[in-house]
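**Student:** below is the structure, and that's it, no one-letter string:
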């Protein structure tokens, strides 16, 4: 009888210890998940910034090309002047 009680108490103690270990591991995992979420958020922000910068650069390049085309067109003689001569 005493042997069964001791065995039962031993099992309860071991289970309690395992539950405490699992609780600690769960807390560590929750912290890791929180860190991963923060890193993910930071990456998304960085990607959006890069995309915005690239869009801005494309707009600048397009404006420069359009500006150069306009300058080039101003240097060309008009077709009317050639026909009049």
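**Tutor:** Sure thing, it's come through. Predicted model, so just to flag it, every value in this text is computed and none were measured.

**Student:** out of the helices and strands in this protein, which is least certain?
**Tutor:** Within the chain, no helix or strand scores below helix 79-84, which has a mean of 60 by mean pLDDT, DSSP states H and E.

**Student:** the helix or strand residue 11 falls within packs against which elements?
**Tutor:** Per DSSP states H and E, residue 11 falls inside helix 2-75. Judged by 3 or more C-beta pairs under 8 Å, 6 or more residues apart in numbering; DSSP states H and E, helix 2-75 has no packing partners among the helices and strands. Yep, even glycine has a C-beta here, placed from its N, CA and C like the rest.

**Student:** just the mean pLDDT for it, thanks.
**Tutor:** The average pLDDT for helix 2-75 rounds to 96.

**Student:** make 493 the first number, not 1, from now on.
**Tutor:** Okay, using 493 as the starting number, the last item reads as helix 494-567.
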